[in-house]
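1. Predicted coordinates and the sequence they were generated for:
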Amino acid sequence: MSAPVRLAVSSRLAVAAAAWSLVCAALGLWWLVDPEGYVLDDVSDEPTSLMMVLPPAAGSVLFVVLGLVGAALAVSFARARPGGAPRGALVAGGAGFALFFGVVVPDVQVLSLLGYALVILGGPVLVAVLVAGSRRHRANHLVLALIAAAVGIGVVTGQIGTPTLELFRNIRDGLAAVGPRPLVLGFMLAGSLLFAATTLTAARPTDGQGAVRTAAVRSQARLQRWGRRATILAAVCPLPYALLRMTWLTPWPQGLGEGNEEMLDGGVRVFGVGLGLAAIGGAWLTLGLISRWGEVWPAWLPGRRGRPVPVRAAVVPAAVVALALGAASVSLVVMSVRSGVWWLLLMIPAPVWGPALGLATYAYYRRRTTATDAPRVPSPAHQPVPSSSADATASSRLGNGPAVRPSVRHVHR
């Protein structure tokens, strides 16, 4: 029953990719009619992505062409059947679209906005979850006390309060200045995710249920091996950035440049430390992809503890972060080369971090979704036991023991 379901999922993804492609083409046509609405051109004197270099007219035509080609490609994915047209060409085309709209088109602005959102929303959400679970899990009280002490120290020292509100106003004004550009970049990343999901689904074996299950069984050991390595690498990548931001709590802040210590005024110090804490939290959540609590909700989470973690609850956020890191990779490399500040790639190793997190997420997804479908291969010590009375009697006559009907525990042990 798993093969037809998987084909249905593939068809839905292909239809969604086709719809996205048509919207992309329409967006390009709109920009051709109204060039003033184009938002992906150079917003500074130092372009860091391909779309910042292209003139608005060329970029608009590119999106029209790619939108129409992408729609045709998605329709081909939806109509493809096992043993039909060459799937290798479709997979290569889908992978190309995923890379182009996920790495070439966007820039580092996506990662910056994601970091701001994590700092602004992550703290209140964490506190709310800890408070809700504190009645059953006493360790939450200690964590809440530490958070309250840190906030109290910030208020007493003047780092939290009016400076924080001023910083939030500056962020609001900055978002108003960039206009709809972040929304367009998010739309491009959504297309990249759709084509990536469609391509990965189509690339799986489709020559029958038995072949799919056999391939799943054979790949389990390999998935566990390289998935664990990719997860550990992805969890280590944000630690240099977190360590750098933690130095802002000391008299020797790093990463500001010579004589720029005054930049930490106005709430910037607290916000930078918040970004560092978000990086540490991201490293911890990444380890959940290979941990038990990444598959079963932990005890301190109210209302969900002990229940299985939905696969999408882990895969979707991890995939979004991996896409944002991939989107920032080209920009960070260009910025490092142009400025000669190579430590920027050591602090935010997006070209390594993004692919590692993507591989870790895919390994987690395959492990969780194929574990229930893969058949259990009995060991020699647990060969199938005859269940019918006739077979059991024959087995007894051959000297294989008494004809005893096995219990459910024995068969599934």
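-> Perfect, I can see it now.
2. Tell me the buried residues in the helix or strand that contains residue 326?
-> Element membership for residue 326 (DSSP states H and E) is helix 311-339. Buried residues in helix 311-339, counted by 16 or more other Cβ atoms under 10 Å: 314-315, 318-332, 334-336. All C-beta atoms are positioned from the backbone trio N, CA, C, and that covers glycine.
3. do stretch 364-371 as well
-> For stretch 364-371, burial by neighbour count (16+ other Cβ under 10 Å) applies to 364-368, 370.
4. Keep only those of those that are in helices.
-> Members of the buried residues of stretch 364-371 lying in helices (criterion: DSSP state H): 364-368, 370.
5. out of these, which one sits closest to residue 51?
-> Nearest to residue 51 among these is residue 365, at 30.0 Å by Cβ to Cβ.
6. outside of whichever helix or strand comes after the helix holding residue 326, which residues touch it?
-> Per DSSP H and E, the first helix or strand lying C-terminal to helix 311-339 is helix 343-347. Defining contact as Cβ atoms under 8 Å, 6 or more residues apart in numbering, one finds that helix 343-347 is touched by 240-241, 244, 255, 332-333, 335-336, 351.
7. pLDDT-wise, what's the bottom of these?
-> Of all the contacts of helix 343-347, residue 255 has the smallest pLDDT value, namely 77.
8. For that residue, give me phi and psi.
-> With angles defined as degrees, to the nearest 10, residue 255 sits at phi 90, psi 10.
9. by contact count, what packs against the lengthiest helix in the chain?
-> Looking across the chain with DSSP H, the single longest helix is helix 2-33. Helices and strands touching helix 2-33, as assessed by 3 or more Cβ pairs under 8 Å, 6 or more residues apart in numbering; DSSP states H and E, comprise helix 56-79, helix 181-203, helix 209-236.
10. tell me how far that helix is from the chain's mean position?
-> 20 Å (Cα atoms, centre = their mean, to the nearest Å).
11. what's the next secondary structure element after it?
-> helix 50-53.
12. Tell me the gap between that next one and the middle of its chain.
-> Worked out by Cα atoms, centre = their mean, helix 50-53 lies 25 Å from the chain centre.
13. how many other residues sit next to the spatially closest residue to residue 282 that is not a sequence neighbour?
-> Once flanking residues are discounted, residue 282 sits nearest to residue 238: 5.4 Å by Cβ to Cβ, 6 or more residues apart in numbering. Neighbourhood size, residue 238 [other Cβ atoms under 10 Å]: 25.
14. what's the distance between residue 238 and residue 283?
-> Going from residue 238 to residue 283 by Cβ to Cβ, to the nearest Å gives 5 Å.
15. what sits in contact with each of those two?
-> By Cβ under 8 Å, 6+ apart, no residue touches both residue 238 and residue 283.
16. buried set for the helix or strand containing residue 126?
-> Assigned by DSSP H and E, residue 126 belongs to helix 109-133. Buried positions in helix 109-133, judged by neighbour count with 16+ other Cβ under 10 Å: 109-116, 118-119, 122, 129-130, 133.
17. and that helix with helix 181-203, angle?
-> Relative orientation of helix 109-133 and helix 181-203, computed by axes from the mean of the first three to the mean of the last three Cα atoms, to 10 degrees: 80 degrees.
18. when you give positions from now on, start the count at 27
-> Right, with 27 as the first residue, what we last looked at is helix 135-159.
19. Please enumerate residues in contact with helix 135-159?
-> Against helix 135-159 from outside (Cβ under 8 Å, 6+ apart): 166, 169-170, 173, 194, 197, 204, 207-208, 211-212, 215, 297, 300-301, 304, 307-308, 326-329, 331, 346-347, 349-351, 353-354, 374, 376.
20. Buried ones from these, can you make that a ChimeraX selection?
-> Buried residues among the contacts of helix 135-159 (16+ other Cβ under 10 Å), as a ChimeraX selection:
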select :166,197,207,208,211,212,215,297,300,301,304,308,326,327,328,346,347,349,350,351,353,354,374,376
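21. Tell me, how many residues neighbour the closest residue in space to residue 103 that isn't next to it in sequence?
-> Once flanking residues are discounted, residue 103 sits nearest to residue 40: 4.0 Å by Cβ to Cβ, 6+ apart. By the measure other Cβ under 10 Å, the count of residues near residue 40 is 27.
22. Check residue 225 too.
-> Neighbours of residue 225 using other Cβ under 10 Å come to 24.
23. contacting residues around it?
-> Applying Cβ under 8 Å, 6+ apart, the residues contacting residue 225 are 103, 116-117, 120-121, 124.
24. can you put the residues you listed in CSV and add pLDDT and neighbour count?
-> As requested, those are arranged in CSV below (pLDDT from 0 to 100; neighbours: other Cβ atoms under 10 Å):
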residue, pLDDT, neighbour count
103, 87, 25
116, 85, 21
117, 87, 17
120, 92, 27
121, 91, 15
124, 93, 23
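25. what's the closest of those residues to residue 86?
-> Looking across the contacts of residue 225 and measuring by Cβ to Cβ, the closest to residue 86 is residue 124, at 21.7 Å.
26. show me what contacts the spatially closest residue to residue 89 that is not a sequence neighbour?
-> Leaving aside its chain neighbours, residue 89 sits nearest to residue 54 (3.2 Å; criterion: Cβ to Cβ, 6+ apart). Residues near residue 54 by Cβ under 8 Å, 6+ apart: 85-91, 93.
27. Mark which of those are buried, thanks.
-> Looks like the contacts of residue 54 have 85-90, 93 buried, using 16+ other Cβ under 10 Å.
28. follow-up on the earlier one: so which of the contacts of residue 225 sit within helices?
-> Going by DSSP H, the helices hold 103, 116-117, 120-121, 124 from these.
29. Residue 315 versus residue 77, what's the distance?
-> Using Cβ to Cβ, residue 77 is found at 32 Å from residue 315.
30. pLDDT below threshold where in the stretch 327-439 of the chain?
-> Scanning the stretch 327-439 of the chain for pLDDT under 70 picks out 397-439.
31. what's in contact with stretch 164-176?
-> 153, 156-157, 159-160, 326.
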